[in-house]
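In: Mind looking at a prediction? Sequence and model below.
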Amino acid sequence: MSQYRKVPWQRNIRRIPDAVSSKLNEIERGRGIVPVCTKRVAASDLKAGIFGHLTLSLQGDEPSFSASVLPPSNSGAYSIKNRHGWEIKRTDLPMVPKNIYLGERPIYGDWSNGSFSLWQQRDVYQIEEYGPTDYSIEIDLLRRIDDGFLFKFALDCTLDRDDDGFNDDLLFCLNLLQENTGSCGIESSAKSREDYIATTLVDWEIFPPGSFDRFLAKAKSTISDNSAETNRIIEERVAEFRRLSPERYILGKGGFNRYIGAVLPNGVVSFENIRYGNALYVLYEEWEDISQRSRSELLRGTNANYERIPHVEGWVERFRDAVRAGPSRQRR
């Protein structure tokens with residue numbers, strides 16, 4: 001049984017359509033590219049709920065919808081990546097040594113003597129990790145037509161054709177539209193390159209080490225999901241940062257993502273995306289460099305440059321060990 005909802009259109013495309021390539025050639029260099037399409041939607045399709053995943057419905061004779069919708073995961077593979085990110089195992093690159101946590105073991109075989117963390121070094125393939133793009137679909141009703149309505153669907157992003165990964169990014173966005181609307185295309189953006197760059201950056205706020213309470217309160221206030229469980233996660237992570245004598249606390253906002261973290265001793269930066277709360281990242285790079293990256297490039301390169309520490313048994317010990325080792329851990 002498919003994990004995706006049924007759709008009455010082709011779900012994905014394997015290459016950029018000729019029509020899109022032709023349109024791209026017509027757009028002036030230096031202008032941003034917006035993934036967008038227009039689509040005739042029959043009133044009967046709205047009534048049948050075919051576009052319900054985008055909140056479109058028919059109320060009497062009039063369409064009802066939200067102005068902006070984050071596509072649901074069950075629309076397809078690209079919608080999943082948009083919400084949750086993805087990983088690529090780089091079998092084409094040399095394997096790298098990684099210390100694998102194997103759990104706690106009793107000292108001299110007797111738990112009453114205490115325990116120790118068991119690690120084993122193994123050669124593993126490098127992993128490229130990509131964070132969620134969090135593109136929403138903006139919906140606009142253009143006009144009524146004979147048997148329904150003409151809608152415009154646009155992703156809330158602007159692409160720069162001078163970017164190295166432009167073709168991959170464009171194909172990703174076209175597939176995101178295709179999965180959710182059954183159509184895809186592009187148009188020129190009124191935004192400048194500078195406007196485009198600004199939308200991709202993470203807005204970091206810095207807190208000195210003595211401002212723990214203020215940092216904790218601000219971290220909680222920036223999260224839309226203010227549940228007891230989310231607050232517990234934030235308190236737990238921030239308390240762990242505090243134990244490691246941070247040089248500064250960091251709070252970041254980028255798209256739907258919210259990051260809490262710290263610049264720690266030994267040339268280490270650690271952060272977590274609280275939207276997911278499933279893993280800490282330990283980066284062995286300079287904070288000044290990391291702070292200038294876009295949200296899609298926070299984990300630049302492969303995991304040879306960082307540690308991902310899932311919140312499973314033993315994560316605290318593994319995190320502390322990674323921080324103590326610092327950049328030297330990459331060579332172990």
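Out: That came in fine, so what should we check first? Every value quoted in this text rests on a predicted model; they were computed, and no experiment measured them.
In: rest of the way, CA atoms for contacts and neighbours
Out: Noted.
In: can you pull out the helices in the stretch 201-332 of the chain?
Out: 212-221, 228-243, 287-290, 315-325 (DSSP state H, counting those that start in this stretch).
In: How about residues contacting the longest one?
Out: Outside helix 228-243, the residues that touch it by Cα atoms under 8 Å, 6 or more residues apart in numbering are 212, 216, 219-220, 260-262, 264, 274, 277, 316.
In: any idea of the mean pLDDT for that helix?
Out: For helix 228-243, mean pLDDT is 88.
In: Among the contacts of helix 228-243, show me the least confident.
Out: Out of those, that is Gly277, at 66.
In: about what we covered before: going by neighbour count, which of the contacts of helix 228-243 are buried?
Out: 212, 216, 219-220, 260-262, 264, 274, 316 (16 or more other Cα atoms under 10 Å).
In: that older thread, out of the helices of the stretch 201-332 of the chain, the one nearest Gly52 is which?
Out: Gly52 lies closest, by Cα to Cα, to one member of those: helix 228-243, at 29.1 Å.
In: now that closest one against helix 315-325, angle please.
Out: 30 degrees (axes from the mean of the first three to the mean of the last three Cα atoms, to 10 degrees).
In: could I get helix 228-243 in PDB with only the CA atoms?
Out: Output in PDB follows, covering the C-alpha atoms of helix 228-243 (Å, rounded to 0.1, in the frame of the first residue of the first chain):
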ATOM      1  CA  ALA A 228       4.900  21.000  28.100                       C
ATOM      2  CA  GLU A 229       6.900  18.400  26.200                       C
ATOM      3  CA  THR A 230       8.500  21.000  23.900                       C
ATOM      4  CA  ASN A 231       9.400  23.200  26.900                       C
ATOM      5  CA  ARG A 232      10.900  20.100  28.600                       C
ATOM      6  CA  ILE A 233      13.100  19.400  25.600                       C
ATOM      7  CA  ILE A 234      14.300  23.000  25.500                       C
ATOM      8  CA  GLU A 235      15.100  23.000  29.200                       C
ATOM      9  CA  GLU A 236      17.000  19.700  29.000                       C
ATOM     10  CA  ARG A 237      19.100  20.800  26.000                       C
ATOM     11  CA  VAL A 238      19.900  24.300  27.400                       C
ATOM     12  CA  ALA A 239      20.900  22.800  30.800                       C
ATOM     13  CA  GLU A 240      23.300  20.500  29.000                       C
ATOM     14  CA  PHE A 241      24.800  23.400  27.100                       C
ATOM     15  CA  ARG A 242      25.200  25.200  30.500                       C
ATOM     16  CA  ARG A 243      27.200  22.400  32.000                       C
END
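In: How about that helix, which residues are buried there?
Out: Here helix 228-243 shows 230-231, 234-235, 237-238, 241-242 as buried, counting by 16+ other Cα under 10 Å.
In: Nearest to Leu176 among those?
Out: Taking the buried residues of helix 228-243 together and measuring to Leu176 by Cα to Cα, the closest member is Thr230, at 29.1 Å.
In: Least confident secondary structure element in the chain?
Out: The weakest-scoring helix or strand in the chain, judged by mean pLDDT, DSSP states H and E, is helix 193-200 (a mean of 61).
In: Run through the neighbouring helices and strands of the strand or helix carrying Asn25.
Out: Element membership for Asn25 (DSSP states H and E) is helix 18-26. Counting contacts by 3 or more Cα pairs under 8 Å, 6 or more residues apart in numbering; DSSP states H and E, helix 18-26 packs against strand 186-188.
In: Identify the residues contacting the strand it packs on?
Out: 20, 23-24, 27, 31-37.
In: Now the two most distant members of those.
Out: It's Arg31 and Cys37 that sit farthest apart of these, by Cα to Cα, at 17.9 Å.
In: buried residues in stretch 76-87?
Out: In stretch 76-87, counting by 16+ other Cα under 10 Å, buried: 76-85.
In: Make a markdown table from these and add pLDDT and distance to Ser64 to it.
Out: Shown next, in a markdown table, are the buried residues of stretch 76-87 (pLDDT from 0 to 100; distance: Cα to Cα, whole Å):
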| residue | pLDDT | distance to Ser64 |
| --- | --- | --- |
| Gly76 | 95 | 24 |
| Ala77 | 95 | 27 |
| Tyr78 | 96 | 26 |
| Ser79 | 96 | 23 |
| Ile80 | 94 | 25 |
| Lys81 | 92 | 27 |
| Asn82 | 91 | 25 |
| Arg83 | 87 | 24 |
| His84 | 84 | 28 |
| Gly85 | 84 | 30 |
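In: now those residues as TSV including distance to Leu171?
Out: TSV is the format used below for these (distance: Cα to Cα, whole Å):
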residue	distance to Leu171
Gly76	14
Ala77	13
Tyr78	10
Ser79	13
Ile80	15
Lys81	13
Asn82	13
Arg83	17
His84	18
Gly85	16
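In: Filter the residues you listed down to the ones in helices?
Out: Those of the buried residues of stretch 76-87 mapping onto helices are 77-84, per DSSP state H.
In: ok, now which ones touch the residue positioned nearest the centre of the chain?
Out: Closest to where the C-alpha atoms of the chain average out (Cα atoms, centre = their mean) is Pro132, at 1.9 Å. Under the criterion of Cα under 8 Å, 6+ apart, the neighbours of Pro132 are 81-86, 296.
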